[in-house]
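[1] any chance you could fold what I've pasted below:
(4 chains)
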Protein chains: 4
Amino acid sequence: MSGNTFGTLFSVTSFGESHGPAIGCVVDGCPPGLAISEADIQADLDRRKPGTSRHVTQRREPDAVEILSGVFAGRTTGAPIALLIRNQDQRSKDYSNLPETFRPGHADYVYTQKYGFRDHRGGGRSSARETAVRVAAGAIARKWLAERYGVRICGWMSQLGPIEIPFVATREIDGNAFFAPNAAIIPQLEEYMDVLRKSGDSVGAKITVTATGVPPGWGEPVYGRLDAEIAYAMMGINAVKGVEIGAGFASVSQKGSEHGDEMTPQGFLGNHAGGVLGGISSGQDLVVNLAIKPTSSIRLPRRSVTLEGQPVVVATHGRHDPCVGIRATPIAEAMLALVLIDQALRHRAQCADVVCPTPVIPAHPVG
Amino acid sequence: MSGNTFGTLFSVTSFGESHGPAIGCVVDGCPPGLAISEADIQADLDRRKPGTSRHVTQRREPDAVEILSGVFAGRTTGAPIALLIRNQDQRSKDYSNLPETFRPGHADYVYTQKYGFRDHRGGGRSSARETAVRVAAGAIARKWLAERYGVRICGWMSQLGPIEIPFVATREIDGNAFFAPNAAIIPQLEEYMDVLRKSGDSVGAKITVTATGVPPGWGEPVYGRLDAEIAYAMMGINAVKGVEIGAGFASVSQKGSEHGDEMTPQGFLGNHAGGVLGGISSGQDLVVNLAIKPTSSIRLPRRSVTLEGQPVVVATHGRHDPCVGIRATPIAEAMLALVLIDQALRHRAQCADVVCPTPVIPAHPVG
Amino acid sequence: MSGNTFGTLFSVTSFGESHGPAIGCVVDGCPPGLAISEADIQADLDRRKPGTSRHVTQRREPDAVEILSGVFAGRTTGAPIALLIRNQDQRSKDYSNLPETFRPGHADYVYTQKYGFRDHRGGGRSSARETAVRVAAGAIARKWLAERYGVRICGWMSQLGPIEIPFVATREIDGNAFFAPNAAIIPQLEEYMDVLRKSGDSVGAKITVTATGVPPGWGEPVYGRLDAEIAYAMMGINAVKGVEIGAGFASVSQKGSEHGDEMTPQGFLGNHAGGVLGGISSGQDLVVNLAIKPTSSIRLPRRSVTLEGQPVVVATHGRHDPCVGIRATPIAEAMLALVLIDQALRHRAQCADVVCPTPVIPAHPVG
Amino acid sequence: MSGNTFGTLFSVTSFGESHGPAIGCVVDGCPPGLAISEADIQADLDRRKPGTSRHVTQRREPDAVEILSGVFAGRTTGAPIALLIRNQDQRSKDYSNLPETFRPGHADYVYTQKYGFRDHRGGGRSSARETAVRVAAGAIARKWLAERYGVRICGWMSQLGPIEIPFVATREIDGNAFFAPNAAIIPQLEEYMDVLRKSGDSVGAKITVTATGVPPGWGEPVYGRLDAEIAYAMMGINAVKGVEIGAGFASVSQKGSEHGDEMTPQGFLGNHAGGVLGGISSGQDLVVNLAIKPTSSIRLPRRSVTLEGQPVVVATHGRHDPCVGIRATPIAEAMLALVLIDQALRHRAQCADVVCPTPVIPAHPVG
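    Predicted coordinates:
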């Protein structure tokens, strides 16, 4: 698959670097007739925006999206939709001592090995700012999924470093900077982050993202499995080191009598499968967890090498997220939307004429 | 991506069902000149074969592979290579009471929802026997990677149900039916399995698969990331519910000062990254873990529904693996080979002329 | 696009060489529920079969197709369909003097340049026998297109060497070995061929293939245009050197007032466009012409070079078609079917919900 | 293949409409290290620019290209290259009477059938202005092909309406507005065009495009054939109705003894094959002809229908090319470059290690 295009029927081709004039993407294959505006997309982007709390990077960006094509009279035409986001706030001097050294944990070294040289400004192509594009494209996908199928996508932080965050309610997610579904635990998280920031270190996080209302039948056996596509999408997000569906790694020690979700006419009796069976959606809630590694750019001095292979010590200053996971939730939601719309279109390409003889088994009540 | 083709430059298109006359695949894009024979492929298939111990399914299959095309005078010609494996041992009567019911935890229900009906014999397309094809194709990939780049792929079982298996040595892996890298623990594993089999239940497992000798530079930023392709390949294996790279889910609670792998001219000082940075191989060992769920086919009675939506109780008899994970290691190795050869070819397509100015940093001694 | 897979949603991956044990393909993405049998496919294959008249190669092949997967209880399941055709009649000795020389006009030289060596038996991968696979896959596509949309595909020979063949009626096509839509001209064609065969030379042909009943809207603007996909499919047939749609090369000297097909509520007033406008089907008959070059294997001595680059004279004996075009019609029909089904599925993926406000303009009466 | 992405390894995803704010593309997969600037690309664009003679449309556009990403310190980084071209000169009022009617010969009707409605301004997505993007992307491809392999691409007009243009010399091509390789015939062409413009009608043209220096071995047998990819690229250009390679449609009446290009150690003795044998480049000049239909927008009144299906007469005013073919040469050259670079990268992915034992046969002297 092309390294810069995601999806086959609803595809997103992104472009742009963190310190170039703009970032953007081309969304191709969107069904015509969907009402979409810059405001719709901006709403999702604003959730992701830097500078919205003291816990995230202090770079100020309006992240204003511009629709260049594919929309006429407020509706998608079926032609490709180009989205552009101009970069406003770049501080190249923060990167001025970097061209000769490789920052540990970053892609500097591997880019140089692969391409022979690299654009060192702001992490170039590997920067997390590129993810703004995914959120923009995901906004279009989410709207279509919601209107056409009633699919709702919702994500939250389920663990910050060592602190597990019990799920209380979805309505609490947007009330704090962490996307935590638990207002009561916020003071504890904030205190933890204040200590962390002062120490100059960073920590990881776990994100949970779900989708309700996905009908059974999306995904294709063997290689085009829905769970495989989800894993591909999520592991492709910067800083993700693990992906699990449903019970995930807890399945390792589970018995079949416990893990297998029994079925009754009134509904499934459990959802260890996380909404995917045999690579195809079961109609139950999709449940996905992502493991996000601690930020590699920390103020503590770290050993590294220069371009010539000489030892050096690197301390990274500038504006960085002490926990990348804090802003990851909208990105994970967007990627799930992109996977689902592509699967929806693939399913109807092959199976639009199918009349299923069997009733749909309702999802297990607690998602 | 097509649901039955894996890979873009070195691609594998598989076909065949468990209870049809044959299974097989077409391998396209293999570089010409590779010495390959049916014996080379058969060696890898035999590691996977059912009936080799009392701990796995008692179905007896020779799994004899036949090369139909693409090889001339003992070497690949560059033309597509068709592999065929005839099915010999099918006991359809074991599935005789199943056409009207959905087995919980299997794809029966979702297939019917997607396609309107299904081939109920032996799990049809979703059967694990299809994975023999992946092992066959993977054998070709492994040979090329070893000869061209010195890449070695090695996998093992790192946990059986609740029992963690400490790594002792790779040479112990092929000495037992579990692919456990630890001869001393085998009696404990066998005892556990005997109890499990008598109980009629099943359990999950964790598999670790590694690759050494991968040069830095494989993988493409943003969407075609090496780790994303690995996640896609592994999550696409039957029964896999989680994939992690390097420290994986342990990264969640790690600090950046601990997780980030420092670099010195003598080598990396750690490998929490698992061999991938920014989506590109770093030259360090690739380290991947898979979570495999417990087998869904168990003898214990389970509640389910019929095709008409009526409640029913299902007890699955016949020949099944009480732990699917026991035979998963060769499949995971094969999938890693398929990912790596595709990435190798993609890298040389774009970067064959690159001369890298920077020395390669040696891998951390303990993979 | 993979060199051995045609199509994206309804895809065909072929394998096998002319002198190997078998040829075949995997058809992926076929909608479920289509009634298909080996007899359905065999009917199309038999039209193509060698040895059916004195004007074609005298190789005798039953070309018996076997369905290995993807069909259950007489209907497609939605799983991939593997088709196998065993090769029975190979005369390798006819190729015994060839390993060291390159036959002019064949792919021998270019294969060696590309791959470093080649499988010289029977033309290896470049042999025209591989096209039997396309006809087999095309049979499935044609059945679906006919049943689902009422699309009918029909081709014929419109020129044999210098002899133009006026179109009389479709019912005359299957009454002769040439697929000529004109019974009266057959004696003239047969006489021409008898003289040609005695001379040891060969000649080209022009094939016309049409599709009626294609609804408007298939094809995607800019790069995925229906006419571009048709050109790709047809130019990909062995020995084709030109493809034109509608008026084709006659358009060069036409005025816009003549070429442009006017529209009235009762229908189009012409079809110079050949059924495609702006890359999308117009609802008019698709009309495509193919130019087929004369067979390269002739008995007349031809100058060539050996593997070492030494001059040599080659006279090709054995069983060859003096006019490849005579058997090309079923192949062109099959390729058109494969293009159309892929386009049909792509269109419904993106546009299944579209309600068109504008009435369909009927096609011009004479296709 | 995605309707808006061309190519697999060197891919171009385009976006933008004629009357939107901008058009552009993302070029992905370009090898790193290529020296490229906006000036390099601008040079190719300026050849295509409207308003450069009285024989083409009088729309004035600077067509200034801006590189948004993928280039650092004057060289490609290997990251995707985004190109943007702002639209400056749009006269929407020229299209003011069109929303309710379908212009005959244009895509208006089929777009509405496919998508349910359309963006009627300036032909929306189907406008020929989108081709400026292809020329921009092609400029990058051409530079790499020239520097890496010495490939030179050259196209010209070989026929204007009924007037055949004998080839005199390549140096004469850029000396006139027609791209005719024949200075002496220009007065005749200009006179013809003056009469045509006054009549309000339009006419077609034939373009020839060639590539020299292509090494043998590019292209993949069966489906990924070089000639098929060329046909796909060329038929995908607006207004193209036919594509032929080498002798093309003349092959129909040729004998094998005449068409087959004999080989000697000193070189090929002819090039009826047009540089492609068995779908793979032979090392001879690639020779391709395109048939371009007459412009559909003419001042003469034409019968058509309205959105509601009512009869109407349409006379198209505004600024249009009386012969689209006059500006087609740079577009055909760009498309050939895009095909060739993709094929070059595919070839080296699979065959980078091949050492060919056989000497290259020199091309026939007259391309």
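[2] okay, and the residue of the stretch 201-350 of chain A found nearest chain D sits in which element?
    Nearest residue of the stretch 201-350 of chain A to chain D (Cβ to the nearest Cβ) works out as A:Asp342 at 11.6 Å. Yep, even glycine has a C-beta here, placed from its N, CA and C like the rest. If you go by DSSP states H and E, A:Asp342 is part of helix A:329-351.
[3] does that helix reach chain B?
    Yes. Applying Cβ under 8 Å from any Cβ of the partner chain, one finds helix A:329-351 touching chain B at A:His347, A:Cys351.
[4] buried sites along that helix?
    Neighbour-count burial for helix A:329-351 flags A:329-351 (criterion: 16 or more other Cβ atoms under 10 Å in any protein chain shown).
[5] can I get that helix as PDB, trimmed to CA atoms?
    Presented in PDB, the C-alpha positions along helix A:329-351 are these (Å, rounded to 0.1, in the frame of the first residue of the first chain):
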ATOM      1  CA  THR A 329      -7.900  10.300  21.600                       C
ATOM      2  CA  PRO A 330      -9.200  12.300  18.600                       C
ATOM      3  CA  ILE A 331      -6.600  10.800  16.400                       C
ATOM      4  CA  ALA A 332      -7.600   7.200  17.400                       C
ATOM      5  CA  GLU A 333     -11.300   8.100  16.800                       C
ATOM      6  CA  ALA A 334     -10.500   9.500  13.400                       C
ATOM      7  CA  MET A 335      -8.500   6.400  12.300                       C
ATOM      8  CA  LEU A 336     -11.400   4.200  13.400                       C
ATOM      9  CA  ALA A 337     -13.700   6.200  11.300                       C
ATOM     10  CA  LEU A 338     -11.500   5.900   8.300                       C
ATOM     11  CA  VAL A 339     -11.300   2.200   8.700                       C
ATOM     12  CA  LEU A 340     -15.000   1.800   9.100                       C
ATOM     13  CA  ILE A 341     -16.100   3.900   6.200                       C
ATOM     14  CA  ASP A 342     -13.700   2.000   3.900                       C
ATOM     15  CA  GLN A 343     -15.100  -1.300   5.200                       C
ATOM     16  CA  ALA A 344     -18.700  -0.100   4.800                       C
ATOM     17  CA  LEU A 345     -18.100   0.800   1.100                       C
ATOM     18  CA  ARG A 346     -16.200  -2.500   0.400                       C
ATOM     19  CA  HIS A 347     -19.100  -4.400   2.000                       C
ATOM     20  CA  ARG A 348     -21.700  -2.800  -0.100                       C
ATOM     21  CA  ALA A 349     -19.700  -3.200  -3.200                       C
ATOM     22  CA  GLN A 350     -19.800  -6.900  -2.900                       C
ATOM     23  CA  CYS A 351     -22.900  -7.500  -0.800                       C
END
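[6] what number of residues lie near A:Glu220?
    Per other Cβ atoms under 10 Å in any protein chain shown, the neighbour tally for A:Glu220 reads 27.
[7] buried sites along stretch A:296-315?
    Buried residues in stretch A:296-315, counted by 16+ other Cβ under 10 Å: A:Ser296, A:Ser297, A:Ile298, A:Arg299, A:Arg302, A:Ser304, A:Val305, A:Leu307, A:Val312, A:Val314.
[8] the fifth one bridge partners, please.
    This means A:Arg302. Applying DSSP bridges to A:Arg302 gives these bridge partners: A:Val314.
[9] same question for the one 4 residues further on.
    When bridges are called by DSSP bridges, A:Thr306 pairs up with A:Thr101.
[10] re the thing from before, relative to helix C:329-351, how tilted is the helix holding A:Asp342?
    140 degrees (axes from the mean of the first three to the mean of the last three Cα atoms, to 10 degrees).
[11] does helix A:329-351 reach chain C?
    Yes. Helix A:329-351 reaches chain C (Cβ under 8 Å from any Cβ) through A:Leu345, A:Arg346, A:Arg348, A:Ala349, A:Gln350, A:Cys351.
[12] make JSON lines from the residues you listed and add pLDDT to it.
    Formatted as JSON lines, the residues of helix A:329-351 next to chain C follow (pLDDT from 0 to 100):
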{"residue": "A:Leu345", "pLDDT": "95"}
{"residue": "A:Arg346", "pLDDT": "93"}
{"residue": "A:Arg348", "pLDDT": "92"}
{"residue": "A:Ala349", "pLDDT": "92"}
{"residue": "A:Gln350", "pLDDT": "90"}
{"residue": "A:Cys351", "pLDDT": "90"}
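[13] still on that earlier bit, contact partners for the residue of the stretch 201-350 of chain A closest to chain D?
    Residues near A:Asp342 by Cβ atoms under 8 Å, 6 or more residues apart in numbering or on different chains: A:Gly7, A:Thr8, A:Leu9, A:Phe10, A:Ser11, A:Glu229.
[14] please repeat the previous calculation with a cut-off of 6 Å.
    When contacts are counted by Cβ atoms under 6 Å, 6 or more residues apart in numbering or on different chains, A:Asp342 touches A:Gly7, A:Leu9, A:Phe10.
[15] I'd say A:Val312 and A:Arg303 touch.
    No. Using Cβ atoms under 6 Å, A:Val312 is not in contact with A:Arg303; the gap is 7.7 Å.
[16] pull out the buried positions in the helix or strand hosting A:Ala146.
    If you go by DSSP H and E, A:Ala146 is part of helix A:131-149. For helix A:131-149, burial by neighbour count (16+ other Cβ under 10 Å) applies to A:131-145.
[17] is that helix in proximity to chain B?
    No. Taking Cβ under 6 Å from any Cβ of the partner chain as the criterion, helix A:131-149 and chain B are apart, separated by no less than 9.3 Å.
[18] show me the contact partners of that helix.
    A:12, A:14, A:23, A:25, A:27, A:34, A:36, A:41, A:44-45, A:48, A:63, A:65, A:83, A:85, A:151, A:153, A:330-331, A:334, A:337-338, A:340-341.
[19] show me where pLDDT drops low in the stretch 51-200 of chain A?
    Applying pLDDT under 70 to the stretch 51-200 of chain A flags residues A:51-61, A:89-99, A:118-129.
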